[in-house]
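Asks: My questions are about this predicted structure, shown below with the sequence.
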Amino acid sequence: MSQIGRRHFIKGAAALTCATALQAIGAPSSADAWPSKPVRVIVPLAAGGGLDYVARQCAQVVSSNLGQQFYVENHTGAGGPWAWISR
């Protein structure tokens, strides 16, 4: 049995997450102007980690498909609650 490398696993997880996000968003109707301004994606962990990589890849894919800017902010500290508070 072959083993999947870490890099391939992360890429596969990112692709699956992006596909799920795009399916959940669906095709926007012509009357909707959402989002009308850049969308902030908050990651509760430090930059450079696995979750940060996946969030940035998803933001890039969603941004190109919707034609709207999505940007990632990393809010670290206290195990993640600071990200929740900073909304």
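Replies: The structure has been received and is ready for your questions. Residues are numbered from 1 along each chain as shown.

Asks: what ranges do the helices span in this protein?
Replies: Shown for the chain, the helices assigned by DSSP state H span residues 6-25, 50-66, 81-85.

Asks: any idea which of these is most buried?
Replies: Mean neighbour count (mean count of other CB atoms under 10 Å) peaks for helix 50-66 among the helices of the chain, with a mean of 17. Glycine gets a C-beta too; all of them are placed from N, C-alpha and C.

Asks: re the thing from before, any chance of the helices of the chain in CSV, plus mean pLDDT and distance to Pro38?
Replies: Formatted as CSV, the helices of the chain follow (pLDDT from 0 to 100; distance: least, CB to CB, whole Å):
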stretch, mean pLDDT, distance to Pro38
helix 6-25, 71, 16
helix 50-66, 88, 9
helix 81-85, 70, 18
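
Asks: if we compare the ones you listed, which one ends up closest to Lys37?
Replies: Nearest to Lys37 among the helices of the chain is helix 50-66 (12.6 Å), distances taken as CB to CB.

Asks: Need the CA coordinates for that closest one. PDB is fine.
Replies: What follows is helix 50-66, C-alpha atoms only, in PDB (Å, rounded to 0.1, in the frame of the first residue of the first chain):
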ATOM      1  CA  GLY A  50      -1.100  24.300   7.200                       C
ATOM      2  CA  LEU A  51      -4.300  26.100   7.900                       C
ATOM      3  CA  ASP A  52      -2.900  29.400   6.700                       C
ATOM      4  CA  TYR A  53      -1.800  27.700   3.400                       C
ATOM      5  CA  VAL A  54      -5.300  26.200   2.900                       C
ATOM      6  CA  ALA A  55      -7.000  29.500   3.700                       C
ATOM      7  CA  ARG A  56      -4.800  31.400   1.300                       C
ATOM      8  CA  GLN A  57      -5.300  28.900  -1.500                       C
ATOM      9  CA  CYS A  58      -9.100  28.900  -1.000                       C
ATOM     10  CA  ALA A  59      -9.200  32.700  -0.900                       C
ATOM     11  CA  GLN A  60      -7.300  32.800  -4.200                       C
ATOM     12  CA  VAL A  61      -9.700  30.400  -5.900                       C
ATOM     13  CA  VAL A  62     -12.800  32.000  -4.600                       C
ATOM     14  CA  SER A  63     -11.500  35.500  -5.400                       C
ATOM     15  CA  SER A  64     -10.800  34.500  -9.000                       C
ATOM     16  CA  ASN A  65     -14.200  32.800  -9.400                       C
ATOM     17  CA  LEU A  66     -16.200  35.600  -7.900                       C
END
